[in-house]
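J.: Quick one, what's the 3D model for this:
(2 chains)
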There are 2 protein chains.
Amino acid sequence: MIVELVSTGTELLLGQIINTNAPFLATRLNELGFSVIYQTTVGDNRDRMKLVLKTALERADLVITTGGLGPTQGDITKEVTASLLGKTMYLDEASAKQIEQYFATRRTCMPSNNLRQAMMPEGARIVENTCGTAPGVIIEDEATGKIIINLPGPPHECSAMFETSIVPYLSERFGFQGAIVSRVLRTYGLGESALEERIKHYILSQSNPTIALLARSGEIHVRITAQAASEPKALQMIHDLESQIRPLLGEHVFGIDEDTIEMSVGKLLLEKKLSAALAESCTGGLVTSRITDVPGSSRYLTGSIVCYSNTVKMEQVGVAEEILAEKGAVSRETAEGMAQGIREKFCAGVGIGITGIAGPDGATADKPVGLVYIAIDGPAGTNCYEHYFTGARTDIKNRTALAALSHLRHYLLTI
Amino acid sequence: MIVELVSTGTELLLGQIINTNAPFLATRLNELGFSVIYQTTVGDNRDRMKLVLKTALERADLVITTGGLGPTQGDITKEVTASLLGKTMYLDEASAKQIEQYFATRRTCMPSNNLRQAMMPEGARIVENTCGTAPGVIIEDEATGKIIINLPGPPHECSAMFETSIVPYLSERFGFQGAIVSRVLRTYGLGESALEERIKHYILSQSNPTIALLARSGEIHVRITAQAASEPKALQMIHDLESQIRPLLGEHVFGIDEDTIEMSVGKLLLEKKLSAALAESCTGGLVTSRITDVPGSSRYLTGSIVCYSNTVKMEQVGVAEEILAEKGAVSRETAEGMAQGIREKFCAGVGIGITGIAGPDGATADKPVGLVYIAIDGPAGTNCYEHYFTGARTDIKNRTALAALSHLRHYLLTI
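T.: Coordinates of the predicted model:
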């Protein structure tokens, strides 16, 4: 089964938006045993889109398009698909009702041009959109047996529709394609080179499973991919290799696949029956926001104070005035005072204090932009860590947040 | 000048990471008057990469690769480029020193395999990497006059190197290519269809400048692109069209190009000489984190409290116990109490209170997941807004954050 992904939208061609649908679909289709061999991008132009789809139908068995199902004049993917396959368009009443319902739930009026989204190619299988207004479409070409699937462009709509409706359709239609299974070990704290050094032997001798190292937002991901006749067999191959390399990576592995470091921290807090409270300065609430990205985090997060000003650090968090005056707002002592103060004030099991210089201003002769102190106060006493991060303001915030979550994780592992 | 972008890395081909470099480079090169006609993705395989680069050199004048300059065995882009052009590799002492310096600044040891990054093709122009360890490379092929540029894969390194070194190189080497200039009007609060309805006349009659509508993380961007013989002329064309459509979009336009809504809020707070403090429940600190993404935000952000528990809402923010008991934590009255309480407690000019159900749990019969109240208390009194958002937990958090920033902006515009 050869698959071609066709991403539509002039905004993609010109680089105005980032294509996240193609990588999502490529990953999932590979996992399901389909080979994504071609990826093409085309603008919102009828003739060029028709040509691209024609070429795709010639060289692939299954063509999946993304984008161009919206309500505006530029949204032409369904029409072009229908025209290529010689189908006429009709207004599908059920789709029209669902689109009206979507607006009713949001208590807003439906603009009339949204009805364009209910226009469907004759004979198409209509796929419900649970996250947006544009239904998807599956068209099987009787003449050639080839298939075109039109998915919506907004990434959360595209992925939800793929998982909910397209995966079941493909497995019903094509049966089992063999199994390619991946598992990602997510690590933090080792650089890419240092990590590679530890598992070099396995990387150099790899064939099946393969190992790939991916640097991703400050984390290093170790991706193990196995190909086998069945899913359990592929999983067993991954398990065998994983059990050999895991000991070499130690506690740097904080989760697998979609596990985030904030999930790992959440699990540990529940396990240890501890609540957490944070006093954040340079991260401005980012660490708390990440912790609360996890459903159920209200069970272990008491609350936080973002203490940008010295006044708030003193009056609300309880950092001593002398410490701020003598050591400065960005110092080991202030971070420790913040961690201890917030823990006490919010009656939490652990307190986290974060202070630093996110830049671009605020550096002094001995305190550069990127200098950050992260303190943790809890049943095992107070620990404080010094970092020198680089990059733009938001890079430094993100790196600090990741480091803080990692330090909290390691602190919790020791108690 | 025809340009081909070649993105390297098996992880891209398999969809394991998202390609942000190609859209960035496509946008910038188009703006500079270069035509990006081809975009190809190839894995870390010597033969296939060499073939792709060979094809690219045949059909384009300038080939820009991204990725594969790192320290690991899989990083082969420079070697393959050198081999294609018949150049040998040598260890560049200056690059080696800079890589050592990079690790010294971070106070960490350099793993020895990082020296691979200082191996350079003979005759290449070496491009400093100010954000990472992998230098870039420019190689001009004497025989054909064609050029290959190797840029690093990490997006912030790629973009910094492009702006700092490649743009000056291209303008020195090729002179002026004509001007294609874009301006983005960033809007919030009107749906895509409603916005299109307002400026339909201009969209239907467009040719140069063109107008594109882009839905992007809850905002709608109106992108105007003009092509002209000179940059001032293109700018004038954009200005003329902009002054016609701006009145139709009104206060929904909060900024242009890279302006974010938090920048717009920051400017207004400075203008009105008001400080802000926030009490965040369902957003968990996200709104404060966005406000603090803006350099200099310490001038107007006093601080915030993330009050996940009712205890913190009462004891730290000052919401009345009866309100929480009678109306519930997710209610208009609680949001207003949070806004008023935090404003008073932090002696701020405006207070913002945000409470809602981010899900997936926590819904009741009359309060669905996605129900959110945002209150603002300030010199113009207390306003409160009710929303019904959809999507996953983080979608609801993001939509709430955007709405809160927009409400704050409109509140500030009225005083």
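J.: Are we agreed that A:Val317 is in a strand?
T.: No: for A:Val317, which was evaluated using DSSP: H, G, I helix; E, B strand; the rest coil, the result is coil, with no strand membership.
J.: Just give me the neighbour total for it.
T.: Other residues within reach of A:Val317, judged by other Cβ atoms under 10 Å in any protein chain shown, total 25. C-beta here means a position set from N, CA and C on the backbone, and glycine is covered the same way.
J.: How about A:Asp366?
T.: Using other Cβ under 10 Å, A:Asp366 has 7 neighbouring residues.
J.: cool, and A:Ser159?
T.: A:Ser159 has 17 neighbouring residues, counting by other Cβ under 10 Å.
J.: pLDDT of whichever helix or strand it is part of, averaged?
T.: Here A:Ser159 is covered by helix A:155-161, with elements defined by DSSP states H and E. Confidence for helix A:155-161, expressed as mean pLDDT, is 92.
J.: which helices and strands does it pack with?
T.: Helix A:155-161 is packed against helix A:21-31, strand A:147-151, with contacts defined by 3 or more Cβ pairs under 8 Å, 6 or more residues apart in numbering or on different chains; DSSP states H and E.
J.: can you rerun that using 6 Å?
T.: Applying 3 or more Cβ pairs under 6 Å, 6 or more residues apart in numbering or on different chains; DSSP states H and E, one finds that helix A:155-161 makes contact with helix A:21-31.
J.: Compute the inter-axis angle for the helix it packs on and strand A:147-151.
T.: Put simply, helix A:21-31 runs at 130 degrees to strand A:147-151, going by axes from the mean of the first three to the mean of the last three Cα atoms, to 10 degrees.
J.: For A:Lys273, the count of nearby residues, please.
T.: The local packing of A:Lys273 (other Cβ under 10 Å) involves 8 other residues.
J.: sorry, that was for A:Glu322
T.: Other residues within reach of A:Glu322, judged by other Cβ under 10 Å, total 9.
J.: On the three-state scheme, it is what?
T.: The assignment at A:Glu322 comes out as helix when based on three-state DSSP.
J.: Can you show me the CA trace of the helix holding A:Ser159 as CSV?
T.: Taking C-alpha atoms only, helix A:155-161 is exported to CSV below (Å, rounded to 0.1, in the frame of the first residue of the first chain):
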residue,chain,number,x,y,z
PRO,A,155,-4.2,20.0,13.1
HIS,A,156,-6.4,19.0,16.0
GLU,A,157,-9.3,18.4,13.6
CYS,A,158,-7.1,16.4,11.2
SER,A,159,-5.6,14.2,13.9
ALA,A,160,-8.9,13.6,15.7
MET,A,161,-10.7,12.6,12.4
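J.: roughly how far out does that helix sit from the chain middle?
T.: With Cα atoms, centre = their mean, to the nearest Å as the basis, helix A:155-161 stands 13 Å off its chain's centre.
J.: got the contact list for it?
T.: For helix A:155-161, the external contacting residues (Cβ atoms under 6 Å, 6 or more residues apart in numbering or on different chains) are A:20-21, A:24, A:66, A:127, A:129-132, A:136, A:151-152.
J.: again, only using 10 Å
T.: Contacts with helix A:155-161, where a contact means Cβ atoms under 10 Å, 6 or more residues apart in numbering or on different chains, come from A:17-21, A:24-25, A:28, A:64, A:66-67, A:69, A:127-136, A:149, A:151-152, A:154, A:166-167, B:18, B:390-392, B:394-395.
J.: so what's A:Leu115 up against?
T.: Contacts of A:Leu115 were listed using Cβ under 10 Å, 6+ apart, and they are A:71, A:91, A:95-96, A:99-100.
J.: out of the residues you listed, who's near chain B?
T.: When contact is defined as Cβ under 10 Å from any Cβ of the partner chain, those meet chain B at A:Pro71.
J.: Just the buried subset of the contacts of A:Leu115, please.
T.: Neighbour counting by 16 or more other Cβ atoms under 10 Å in any protein chain shown classes A:71, A:95-96, A:99 among these as buried.
J.: with those residues in mind, which one is nearest to chain B?
T.: Compare each of those with chain B using Cβ to the nearest Cβ and the shortest gap goes to A:Pro71, at 4.7 Å.
J.: quick one: secondary structure of the closest one?
T.: Local secondary structure at A:Pro71 is given as coil here, using three-state DSSP.
J.: and the gap between it and A:Leu5?
T.: As judged by Cβ to Cβ, to the nearest Å, A:Pro71 and A:Leu5 stand 24 Å apart.
J.: again, but for A:Asn310
T.: According to Cβ to Cβ, A:Asn310 stands 53 Å off from A:Leu5.
J.: Same check on A:Glu142?
T.: Taking Cβ to Cβ as the measure, A:Glu142 falls 23 Å from A:Leu5.
J.: quick one: which of those two has more around it?
T.: Taking A:Glu142 and A:Leu5 together and counting by other Cβ under 10 Å, A:Leu5 has the greater number of neighbours (27 against 9).
J.: and that one, bridged to which residues?
T.: As for beta bridges, A:Leu5 partners with A:Gln39, A:Ile64 under DSSP bridges.
J.: Could you check how far the strand or helix carrying A:Ile396 is from the centre of its chain?
T.: Using DSSP H and E, A:Ile396 maps to helix A:393-414. Shown here is helix A:393-414, whose average C-alpha point lies 18 Å from the average C-alpha point of the whole chain (Cα atoms, centre = their mean).
J.: Then stretch A:235-252?
T.: Distance of stretch A:235-252 from the chain centroid (Cα atoms, centre = their mean) equals 23 Å.
J.: Quick one: mean pLDDT for that stretch?
T.: Per-region confidence: stretch A:235-252 scores 96 on mean pLDDT.
J.: Kindly report the same for stretch A:134-151.
T.: Taken as a whole, stretch A:134-151 has an average pLDDT of 94.
J.: What are the buried residues along it?
T.: Taking 16+ other Cβ under 10 Å as the neighbour-count basis, stretch A:134-151 is seen to contain the buried residues A:134-139, A:146-151.
J.: Which residue of chain A lies farthest from its centroid?
T.: A:Glu322 (43.1 Å; Cα atoms, centre = their mean).
J.: picking up where we left off before, for PyMOL, what selects the buried ones among the contacts of helix A:155-161?
T.: Selecting only the buried entries of the contacts of helix A:155-161 in PyMOL, with 16+ other Cβ under 10 Å as the criterion:
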select buried, (chain A and resi 17+18+19+20+21+24+25+28+64+66+67+69+127+129+131+132+133+134+135+136+149+151+152+154+166) or (chain B and resi 18+390+391+392+394+395)
